[in-house]
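Trainee: fold the stuff below for me.
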Amino acid sequence: QVQLVESGGGLVQPGGSLRLSCAGSGITLDYYAIGWFRQAPGKEREGVSCISTSDGSTFYADSVKGRFTISRDNAKNTVYLQMNSLKPEDTAVYYCATANCESGSYYSWGQGTLVTVSS
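Mentor: Got it, this is the predicted structure:
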């Protein structure tokens, strides 16, 4: 059974950091482009970041550029999203998914992990 499992969310103060993990089960993540998107209550889904499979190119939404970093650890079959300088508007459920980075399409995602940025 193919699964993507997100973890690492939690409550953090503004300006703090979190690292989200996306672990693959039954799927080899380095064969796929992997993206992160987020969903806040009452808001549309927003693509956050993506890492391609061909040359490792990375993509970021303007709202997180310079603060978030996406990376892979193929030995651990895991993709990470390092989030620094967090803001209250980053509060959302974060999902990782198999993706097309160029089109911003998402195909299969996990259950999500909640990030809450609040003092």
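
Trainee: and for the residue nearest the centre of the chain, nearest residue in space, chain neighbours not counted?
Mentor: A centroid search over the chain (CA atoms, centre = their mean) returns Trp36, at 3.0 Å, as the residue closest to the centre. Setting aside the residues directly before and after it, Trp36 is nearest to Val48 in space (CB to CB, 6 or more residues apart in numbering), at 4.5 Å. Quick note: C-beta positions are derived from backbone N, CA and C, even for glycine.

Trainee: who does the helix or strand harbouring that neighbour pair up with?
Mentor: Counting by DSSP states H and E, the secondary-structure element that holds Val48 is strand 46-51. Paired neighbours of strand 46-51 in the sheet (DSSP bridges): strand 34-39 (antiparallel), strand 58-60 (antiparallel).

Trainee: how far does it sit from its chain's centre?
Mentor: Put simply, strand 46-51 sits 6 Å off its chain's centre (CA atoms, centre = their mean, to the nearest Å).

Trainee: quick one: contacts of that strand?
Mentor: The contact list for strand 46-51 (CB atoms under 8 Å, 6 or more residues apart in numbering) reads 33-40, 57-61, 63-64, 68, 70-72, 79, 81, 92, 94, 99, 101, 104, 106.
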